[in-house]
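> Have a look at this prediction, sequence included:
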Amino acid sequence: MDDLKTMLTKRIALGVATLLVISILIFIGVEALPGDLAEAVLGQSATPETVAAFRKELKLDLPPVTRYFSWLQGCVQGDFGNSLANGRAVSELIGWRFANSLFLAGVTAIVAVPVAIILGILAALYRNTWFDRLISISTLSTISFPEFFVAYILIALLSVQLVVFPSISSINEQMSLFEKLHVIFLPCLTLALVVIAHMMRMTRAAIINVLTSPFIEMAELKGLKRSRIIVRHALPNALSPIINVVALNLAYLVVGVVVVEVVFVYPGLGQLLVDSVSKRDIPVVQASGLIFAMTYVTLNLLADVMAMVSNPKLRQPK
Amino acid sequence: MFKLLKQAPLSARVGLFIILLNVVAMIFAPVIAPYGETEMVGEVWAPSSKAHWLGTDQLGRDMFTRIVYGARNTIAITLCVALLSFFVGCLGGFVAATKKGWVDQALGRMVDIVMAFPTLIFALMVLSIVGTSIPVLIVVIAILDSTRVFRLTRAVAMDIEVQDFVEVARLRGEGNWWIMRHEILPNSLPPLVAEFGLRFCFVFLFISALSFLGLGLQPPMADWGGMVRENAGAITFGIFTPLWPAGAIAFLTIGVNLVVDWFLHQSSQIRRQ
Amino acid sequence: MTPLLEINDIVIEGQTGDTWKPVVKNISLNLNHGEVLGLIGESGAGKSTLGLTAMGFTRTGCRIASGSILFDGQELANASKSDLRKFCGSRISYVAQSAAASFNPAHKLVEQFAEGPVQHGLMTRQEAEEKAIDLYRRLDLPDPENIGNRYPHQVSGGQLQRAMVAMAMATEPDIIIYDEPTTALDVTTQIEVLAAIKEVTKQFNTAAIYITHDLAVVAQMANRIMVLRHGDLVEEGEARELLDNPKKEYTRQLISVRNAGKDEESKNKDPDTILKIENISASYKANVNVVENISLKVKPRKTVAVVGESGSGKTTVARIVAGLLPPHQGRIVFDGEELSRDLKSRTPDNLQRIQMIYQMPDVALNPRQRVSKILGRPLQFYLNMTGEKQENRIKELLQMVELPENYMNRYPSELSGGEKQRICIARALAAEPELVICDEVTSALDQLVAEGILKLLQRLQDELGVSYLFITHDLATVKAIADDIIVMYHGRIVEQGVKKEILEPPHHEYTELLLSSVPEMDPDWLDNLLAQRDLN
């Protein structure tokens, strides 16, 4: 058990360290801005007085290390400063949109994960049949398609031709869950198609890898039923790679929402990030970047931890 | 070379044909395109006709012309990025694998951190700070992407580096450079060539996505991702103009993927023999 | 009496690319109740494929093309999967070569033991567990009551192999197929497993097919032996008869390999030493010495064999001499001059005079270089030999290792295993060395090929006067090639001296164990040995 514990502690410590380094990078990135943030934002025409006032507001007159720690402290407490574009608190802007993004990603995950795993397992079991080929062709094409291509095809079919689902997914807090689900159907489907393709491909590879192990041949030679071989012998050993695949794809999903949100004008964090980048609204970019990175790092961390815990060799001491 | 082509399965031939088509469009764009890159020649969002095979875009420019020029701009930039990323990544990977020790550790940690950060978000943040221009775009994406090349190269090189024939060379007293050049590089080519194809696809989709978000190549330059963005509004009117450039992106990516698949299959068979 | 298993005219085909080629060609085989049949052959003989067919099973990429398999009157060749399932694991079971890979890492040993009998409806879980304890005890596993509650990675290799035999025995099958069950084990461990298998097979009067490449092992186990080569049957006969009077040349060769030896005691022309290492200790991790206090001498024109089992530190000694692992203590003296401990500070001259040959010729040759480059580079590097001169020397080197000149233009993948090893030897010789370190150079090769390599090395030593530091686990090889022997155990030298002294009693305790564990052709060898060990 000690092996596992030290490995877990190490991995978690590494995750935390990564987050800290990322926060430093984000902070330094802004510092490295050519000239000064104030000048960059206010432009050439700004008078020295306005620049000075602006610097004061952003606390640019303090030394960088102090500013980093006060910024970090603020972030931990949920205070990300104010937006440059409209002066509102960043946390206020972000909170609702982040929840929306998580809602979209969450619904997609609930649909996509079981479908992808089942299809992946089936493709592995019936490998080299027409079913497997069909699946590999469709994954190849989905992987090759940019998300917006899938999205516009779906819009063209289901929104313009058939008029079943809206092409713009604007949601608000007054909507019921059912209404929300109806509105986000298309972005959800787009994301699901892309994620399922990746997950299925990786699940298939993981299962095939396990199925070629000698202990599976042994189980066959013991005269066990195919179903039992799969459930008792293949699955416990494939679990660890599959969990890893799922977590990795969830991490991908969180980032993948950015493009899809823009296509469907969905009020999520990704949309906000893209808008703020074009407006160069630095505090908002900082904050949403940090949140995206945190989610991504946490999911990757979770993937590794789960893979370690579900590995039978690691679970039992030597 | 011809023999190899003859043995290639249908899928690989289709892939090669697609790539060839795009390369031709890229090189001979001014000859092929019936109109000028930014020339407004018709009505807005005209349907396809004899004069405009794929119709016109939101400013009345010929869509076919834009797509041909788009091939030129998008693929050229993608190639620049992929090559730069490969140069940086491979060099780093080989150096890490042969030098080992603290060099390997330092490079590895740096890459870990960059990779812990989602690429798209990283790119967006950097672009928000330094602004969008073609050189910046190329360097930023190439550096982000080179982390993946680095990982693969390092892994492949490490695999080869522990083999006895490398040890033989070391025992002979050969220097690092010779070992890298004569022992490791020739053996790591097949996986690296395949990886180049995959990286090309990834970079290509990535640049298209950035352009689509309005942060990549800037108008009026023809660029497939940007063209989808500009024409996106048409789709709700039942006009499918944005599907052409989006389809062009998918088309080329599929082509490259088909060839890569064939190549991977081919080299895995050679290894088994 | 009809045989229990009757295979008639079986043809099994294997797939290479799009074509099917026969790997087992028209072989017929009978197995009676309680009889042990040995299948022997070198790699590619089709022995494992044939063994698995006895269960109606073919690996992916193989198929039964024609012929019949009658087990107790039932046809298995074209039986459905569900029919086969009734026999597999209940009346016929299988023991694989690598127990470590063939046990499922996710389940305890006893769970995997009980699975067969319970699933076939032969026992309850309770009964199966009792049976497991009984068999674990019979197979001499330590702590039979509790060992079943361990996971596969928690027990040693030899124990795991015995646990696999127990698992195969669970349903008291009519036939057990043993597929090289001791190949991956050290000789001293091999004995335990062989003894255990022999004992339980006798107790339960089980019929068995015993597959191996080692004639001496099969001599202990089998009543009858079939010799296979390239998918053909070479010869078949009662074990004693076949060993005493082999009819075919191939069988004779297989038998004689074991008896090869360095005939004459070479004269002590040069009493000085070429290599001397003194009190060497080295470690990969801090504080854990892999080898401790090693001292040895190699004389010019002589072969020193370092022998030991896995983990004895013998390969580490080779790496220290080569400079790959700098020792933290001790001296290496080569031709009167002290060598620096690490590779980087050795002079090109030092490097040139010590060359190394490896165990796996496959990975010791760069697959992307032609033979001409492989041999040409050391010539250019050490001797600055280029152009036509280099080409002529390469041809000479090829001649020395008994390969045709036109091999120059080949890639390693176009050579057989033995030919590759010859190229490796030629590459070492290209540097005109005085000492060649041979690290298990014959272990990866088939017996007959290995014998050829040993003879070549011997001839080259006589002609060129090189010294060998010969690392091996195989005592037969030692007998064949060594002048001096060093026996290592757990990182220390337990005994060293001239070959004659070491091989003749009195021995050090461990040397004794090691020497007595090497199987001999005599079919009574195992029984006698066990009887003798019981006495002591």
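Nice, I can see it. Numbers count the residues shown, from 1 in each chain, chains lettered A, B, ... in the order given.

> What number of neighbouring residues does the residue of the stretch 101-250 of chain C found nearest chain B come out with?
When you check the stretch 101-250 of chain C against chain B by C-beta to the nearest C-beta, the closest residue turns out to be residue C:230, at 18.4 Å. For every residue, glycine as well, the C-beta is placed using N, CA and C. A count of neighbours around residue C:230, defined by other C-beta atoms under 10 Å in any protein chain shown, yields 14.

> Would you check that it makes contact with residue C:44?
Yes - taking C-beta atoms under 8 Å as the definition, residue C:230 is a contact partner of residue C:44 at 6.5 Å.

> phi, psi of the residue of the stretch 101-250 of chain C closest to chain B?
Backbone torsions for residue C:230, taken as degrees, to the nearest 10, come to phi 50, psi 40.

> Please list the residues of chain B that sit near chain C.
B:163-165, B:167-168, B:170-174, B:182-183, B:186-187, B:269, B:273 (C-beta under 8 Å from any C-beta of the partner chain).

> For the stretch 1-150 of chain A, just list every one of the helices.
In order along the chain, the stretch 1-150 of chain A carries the following helices (DSSP state H, counting those that start in this stretch): A:2-31, A:37-42, A:48-57, A:64-76, A:90-125, A:130-144, A:147-154.

> closest one to chain C among the ones you listed?
Across these, the minimum distance to chain C, taken as C-beta to the nearest C-beta, is reached by helix A:2-31, at 11.6 Å.

> Now do the buried residues in that closest one.
By neighbour count on 16 or more other C-beta atoms under 10 Å in any protein chain shown, the buried set for helix A:2-31 is A:4, A:7, A:14-15, A:18-19, A:21-23, A:25-27, A:29-30.

> show me where pLDDT drops low in the chain?
This is for chain A. Counting by pLDDT under 70, chain A contains low-confidence residues at A:1-2, A:30-46, A:54-61, A:85, A:312-318.

> ah, no, chain C please
Under the criterion pLDDT under 70, the flagged ranges of chain C are C:1, C:257-271, C:286, C:536.

> What does residue C:335 show for phi and psi?
Main-chain dihedrals, residue C:335, degrees, to the nearest 10: phi 50, psi 50.

> Hmm, it is touching residue C:353, no?
Yes - contact between residue C:335 and residue C:353 holds when scored by C-beta under 8 Å: they sit 7.3 Å apart.

> okay, the two: which has more neighbours?
Counted by other C-beta under 10 Å, residue C:335 and residue C:353 do not tie: residue C:353 has more neighbours, with 20 against 16.

> Find the nearest non-adjacent residue to that one, please.
The shortest distance from residue C:353 to any residue other than its chain neighbours is 4.8 Å, reached at residue C:434 (C-beta to C-beta, 6 or more residues apart in numbering or on different chains).

> which residues sit in contact with that neighbour?
The neighbourhood of residue C:434, defined by C-beta atoms under 8 Å, 6 or more residues apart in numbering or on different chains, consists of C:274, C:300, C:335, C:353-354, C:466-467.

> where's it relative to chain A, distance?
45 Å (C-beta to the nearest C-beta, to the nearest Å).

> Ramachandran coordinates for that residue?
Backbone dihedrals for residue C:434, given as degrees, to the nearest 10, come out at phi -100, psi -30.

> Can you give me the distance of it to residue C:496?
The gap separating residue C:434 from residue C:496 is 21 Å, by C-beta to C-beta, to the nearest Å.

> same deal with residue C:232?
45 Å.

> Helices of the stretch 401-536 of chain C, residue ranges please.
Counting by DSSP H, counting those that start in this stretch, the stretch 401-536 of chain C has these helices, from start to end: C:417-430, C:447-464, C:475-481, C:499-503, C:509-517, C:525-535.

> next one: chain B
For chain B, the helices defined by DSSP state H occupy B:2-7, B:10-27, B:29-32, B:63-99, B:101-115, B:119-130, B:134-161, B:164-172, B:176-178, B:185-212, B:224-231, B:243-272.
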